[in-house]
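[1] Okay, sequence plus prediction incoming.
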Amino acid sequence: MGENREYEVSFEAQNITAFTLDEFIEKVKATTNGDAEISNIVAIVVTRTISNP
């Protein structure tokens, strides 16, 4: 467990807004054009009220 490892990494951030999981998946696919392997997705979900009840 004490061995040294090297990793080559790169990060790209995209702002994707969707109202449903299916819409989110379609937008992610469109963003990558199906050419990139996605190993991790980190999502920050923010909700807000847009009208008063």
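    Thanks, I have the structure now.
[2] secondary structure class for the residue nearest to T32 when sequence neighbours are not counted?
    In space, and not counting its chain neighbours, T32 is closest to I38: 6.5 Å by CB to CB, 6 or more residues apart in numbering. Placement of C-beta: from N, CA and C, glycine included. With DSSP: H, G, I helix; E, B strand; the rest coil as the basis, I38 sits in coil.
[3] and if you look at F24?
    Following three-state DSSP, the label given to F24 is helix.
[4] Please determine how far it is located from A43.
    Distance check for F24 against A43: by CB to CB, to the nearest Å, it reads 8 Å.
[5] of the two, who's got more company?
    Counting neighbours by other CB atoms under 10 Å for F24 and for A43 shows that F24 has the greater number, 15 against 7.
[6] Now do the contacts for F24.
    16, 18 (CB atoms under 8 Å, 6 or more residues apart in numbering).
[7] 6 Å - rerun?
    F24 makes contact with A18 under the criterion CB atoms under 6 Å, 6 or more residues apart in numbering.
[8] Give me the three-state assignment for the residue minimising distance to the centre of the chain.
    Centroid-nearest residue in the chain, with CA atoms, centre = their mean: I41, separated by 3.9 Å. Secondary structure, three-state DSSP: I41 is coil.
[9] So it versus E12, what's the distance?
    In terms of CB to CB, I41 sits 12 Å off from E12.
[10] Ok, A36 next?
    Distance from A36 to E12, by CB to CB: 9 Å.
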